[in-house]
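Chemist: could you look at this predicted model? Sequence included:
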Amino acid sequence: MCGIVAYVGGREAYPVILKGLKRLEYRGYDSSGVALLSDGLVVHKRKGRVSVLEEELTGRDLRSPIGIGHTRWATHGEPSDRNAHPHVSRVGRLAMVHNGIIENYVQLRQELAGKGYSFRSDTDTEVLLHFIEDIRDHNGCTLEEALRIALRRVVGAYVIVILDADNPDTLLAARKGSPLVIGIGRGEHFLASDASPIVEYTQQVVYVNDHELAIVRPDELILKNLGNERVTPWVQSLDMELAAIEKEGYEHFMLKEVFEQPRSIRDCLRGRLDMTEGRIHLRGVEEHIDRLKETQRIILLGCGTSWHAGLVAEYVFEQICRVPVEVEYASEFRYRDPVVRSGDVVIAISQSGETADTLVAIERAKEQGALILGVLNVVGSSIARLSHAGAYTHAGPEIGVASTKAFTAQLTVLIMMALRIAEARGTIGRDRHLRLLQELDAIPEKAQALLADTSAVRRVAARWARARDMLFLGRGPGFPVALEGALKLKEISYIHAEGYPAAEMKHGPIALVEEGLPVVFVATRDAFHEKLISNMQEIRARRGSVIAVVTEGDTLVPGLADEVLEVPACDPLLAPILAVIPLQLLAYHIGVEKGLDVDKPRNLAKSVTVE
Ligand code: F6R
């Protein structure tokens, strides 16, 4: 949440920062701002998208070889010009951008108010900046020392970057709990919340660790811990291509990412699904296979779409590994004082690898002795570093705020994990194992076939774009797909949608059904098919409209449904990977029909680094 970009070097900082902020807008987009040094400290900030700021600054002389920028997702204080970052210190010589939350800011604010400080904004960020400046002025120490002292008192999560008009070639940054990447160029450095603003300038990057301070000059990068000891920067090569973060002709990132799924699923399987040997190779799983073989319980943790991936995986793990599985919202798990035993395995599912709730939940489970495996998309992310092992999803950067290709890649990885663990536990027969491998291998091609003709889903979207409510129903692994379909629709089209197990309908939600209410069934062929057909009849009897995702060649449902969306046949355990795709497209096309910004839905941000 919140995107930070900063630059110091031989180029003009402003264009680098502006472009970077546009790349980071998925992290928050309610206001943005920049601070530069040209003839003193200059700060521009505006409520609204980065384009609002850009428009305002067009034609201005903004020459500066150093600068910091920010795109905000509001936590403290409404989106407004005055709450936008960068914030400026009392004396007006320091500017700061911040991503995260300072939890003890009220106390710090009171202390500062007692010393005569007043505040121009409602933010925790401004408080922190005043606090740092106050320590510096009071102790007569350097800004770096003051920052170190301040951070020892701060409770919360942050990445901050400070621009000091009295030190015009130096940026000062610090991190705890939110991501910060530093790109190393020739005589220049780039700082950002992720690598996307950096990739076109350099492939060499350093991921700053928690409790580290970075002192960054054009030719120098110094990392220190809070004890003022130097830390050797670990320079890594970026595994990201520029094309991956551009729209490549698609109207929206979301659409591009939906269409990328045949490739992203294939990338996810590559080198892991070995059809010659009939085996799954996942290094992170292999390293702990003895423990996984013996475990008595697997806990899957995630939020939002990642939690839905966990719910699908529950069916797969229980069916083929015969191990009890619990799927938990990370945010609930962490505060419930859960019973975790040392033999338990916790699988943390997160696209970004930065979700604060998931991060803290696995910290708790790790303290209690659980083995932590990560299923993550972003390499080097905070959860990756905290996990004992895991498997990356290799879906590539996901820019659209609503998760699409990350979800299907998560399912793919989780299914591979389950297959390997089932094999080790001896809970799956050789034939069933091999058949599932073959089926998995065929998924990318089937996803491709499904996406070759999306006219039906566009027709459905046009017909129901003005709906006020929608129900999504499914059974078995189709139930979490229904939840995911409802979540996508809510996020992208702002239509109220509810996902339910189809059998639950008669226990309450059926009261909502009235003439014309669109009810989406995830009705691919499986053991529950006939029961689901009965549920459709119940909807029809009450004059609801039925939209059904069905397996190609289904002869029963088309007679009952107002519209069908076909997906290729596959094993029911894998069907969620295909069945979700029409629902992603349904949400997308309805959003577009309604003229909404599908890549940046209101109030949302992609990397949820606050609790
Ligand atoms: C929905 C969506 C969110 C995320 C959730 C967890 O489209 O994207 O529900 O799934 O915020 O994020 P990650 O997976 O990054 O932990």
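Modeler: Structure's in. What do you need?

Chemist: need the contact list for the residue in the chain positioned nearest to the ligand.
Modeler: Nearest residue of the chain to the ligand: G304, at 1.8 Å (CB to the nearest ligand atom). Bear in mind the C-beta positions are built from the backbone N, C-alpha and C, glycine included. For G304, the contact set (CB atoms under 8 Å, 6 or more residues apart in numbering) comprises 403, 487.

Chemist: what's the spacing between D164 and Q368?
Modeler: According to CB to CB, to the nearest Å, D164 stands 43 Å off from Q368.

Chemist: who has more neighbours, these two?
Modeler: It is D164, of D164 and Q368, that has more neighbours when counted by other CB atoms under 10 Å, with 22 against 13.

Chemist: close enough to count as contact, the more buried one and R93?
Modeler: Yes - the pair D164 / R93 is scored as a contact, 6.6 Å apart, by CB atoms under 8 Å.

Chemist: what residues go with each domain of this structure?
Modeler: 3-245, 253-451, 455-593 (automatic domain parsing).

Chemist: can you put those domains in a markdown table and add mean pLDDT?
Modeler: Shown next, in a markdown table, are these (pLDDT from 0 to 100):
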| stretch | mean pLDDT |
| --- | --- |
| domain 3-245 | 94 |
| domain 253-451 | 96 |
| domain 455-593 | 96 |
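
Chemist: put together TSV for those domains, with distance to A605 on each row.
Modeler: Below are the domains of the chain laid out as TSV (distance: least, CB to CB, whole Å):
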stretch	distance to A605
domain 3-245	4
domain 253-451	7
domain 455-593	12
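
Chemist: what residues does the stretch 451-600 of the chain have near the ligand?
Modeler: Selection of the stretch 451-600 of the chain residues close to the ligand by CB under 6 Å from any ligand atom yields 487, 491.

Chemist: where along the stretch 451-600 of the chain do the strands fall?
Modeler: Per DSSP state E, counting those that start in this stretch, the stretch 451-600 of the chain carries strands over the ranges 469-474, 496-501, 518-523, 545-551, 563-567.

Chemist: looking at those strands, which is buried most?
Modeler: strand 518-523 (a mean of 29; mean count of other CB atoms under 10 Å).

Chemist: what is the burial count for R322?
Modeler: 12.

Chemist: with H189 instead?
Modeler: H189: 26 neighbours (other CB under 10 Å).

Chemist: before we move on, what about the one 4 residues further on?
Modeler: Look at S193: counted by other CB under 10 Å, it has 28 neighbours.

Chemist: I figured it hits L180, correct?
Modeler: Yes - judged on CB under 8 Å, S193 makes contact with L180 at a distance of 6.9 Å.

Chemist: all strands for the stretch 251-400 of the chain, in order.
Modeler: Secondary structure of the stretch 251-400 of the chain by DSSP E, counting those that start in this stretch: the strands cover 273-274, 279-280, 298-302, 325-329, 345-350, 371-376, 389-392.

Chemist: a markdown table please, covering those strands and showing mean neighbour count and distance to the ligand.
Modeler: Formatted as a markdown table, the strands of the stretch 251-400 of the chain follow (neighbours: other CB atoms under 10 Å; distance: least, CB to the nearest ligand atom, whole Å):
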| stretch | mean neighbour count | distance to the ligand |
| --- | --- | --- |
| strand 273-274 | 18 | 23 |
| strand 279-280 | 20 | 23 |
| strand 298-302 | 27 | 6 |
| strand 325-329 | 19 | 10 |
| strand 345-350 | 29 | 3 |
| strand 371-376 | 26 | 8 |
| strand 389-392 | 21 | 13 |
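
Chemist: which stretch among these comes nearest E515?
Modeler: Closest of the strands of the stretch 251-400 of the chain to E515 is strand 325-329, at 35.1 Å (criterion: CB to CB).

Chemist: let me know the angle separating the closest one from strand 298-302.
Modeler: With axes from the mean of the first three to the mean of the last three CA atoms, to 10 degrees as the basis, strand 325-329 and strand 298-302 are set at 20 degrees to each other.

Chemist: neighbouring strands - and their directions - for strand 325-329?
Modeler: With DSSP bridges as the test, strand 325-329 is paired with strand 298-302 (parallel).

Chemist: wondering if stretch 408-424 reaches the ligand at all.
Modeler: No - using CB under 6 Å from any ligand atom, stretch 408-424 stays clear of the ligand, with a minimum separation of 7.9 Å.

Chemist: give the contact list for the residue at the greatest distance from the centre of the chain.
Modeler: Residue farthest from the centre of the chain, counting by CA atoms, centre = their mean, is G140 at 42.0 Å. Contact partners of G140, counting by CB under 8 Å, 6+ apart, are absent.

Chemist: got it, and L18?
Modeler: Here L18 is in contact with 34, 50, 53-54, 69 (criterion: CB under 8 Å, 6+ apart).

Chemist: put the alpha carbons of the helix or strand harbouring it into CSV.
Modeler: Under the criterion of DSSP states H and E, L18 resides in helix 13-23. Coordinates of each C-alpha in helix 13-23 appear next as CSV, following Å, rounded to 0.1, in the frame of the first residue of the first chain:
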residue,chain,number,x,y,z
ALA,A,13,14.8,13.0,-11.2
TYR,A,14,11.2,14.2,-12.0
PRO,A,15,10.5,12.1,-15.2
VAL,A,16,12.0,9.0,-13.5
ILE,A,17,9.8,9.5,-10.5
LEU,A,18,6.7,10.3,-12.5
LYS,A,19,7.0,7.2,-14.6
GLY,A,20,7.8,5.1,-11.5
LEU,A,21,4.7,6.5,-9.7
LYS,A,22,2.5,5.4,-12.6
ARG,A,23,4.0,1.9,-12.4
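
Chemist: and the helices in the stretch 151-300 of the chain?
Modeler: All helices of the stretch 151-300 of the chain, identified by DSSP state H, counting those that start in this stretch, fall at 253-259, 261-269, 283-286, 289-294.

Chemist: with distance to the ligand and mean neighbour count added, can I get those in TSV?
Modeler: Formatted as TSV, those follow (distance: least, CB to the nearest ligand atom, whole Å; neighbours: other CB atoms under 10 Å):
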stretch	distance to the ligand	mean neighbour count
helix 253-259	10	24
helix 261-269	14	23
helix 283-286	18	16
helix 289-294	23	14
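
Chemist: compare the ones you listed and give me the one nearest E491.
Modeler: Short answer: helix 253-259, nearest of the helices of the stretch 151-300 of the chain by CB to CB, at 10.0 Å.

Chemist: so which elements touch the closest one?
Modeler: Secondary-structure packing of helix 253-259 (3 or more CB pairs under 8 Å, 6 or more residues apart in numbering; DSSP states H and E): helix 575-593.

Chemist: and for stretch 184-193, what's in contact with it?
Modeler: Counting by CB under 8 Å, 6+ apart, 2-11, 16, 20, 24, 27, 99, 159, 161, 171, 173, 178-183, 197-198, 201-202, 204-206, 214, 216-219, 221, 235, 607 sit against stretch 184-193.

Chemist: gap between the two ends of it?
Modeler: Terminal residues of stretch 184-193 are spaced 15 Å apart (CA to CA, to the nearest Å).

Chemist: also stretch 365-382?
Modeler: End-to-end distance (CA to CA), stretch 365-382: 15 Å.

Chemist: how about stretch 487-501?
Modeler: 14 Å.

Chemist: alright, calling it a day.
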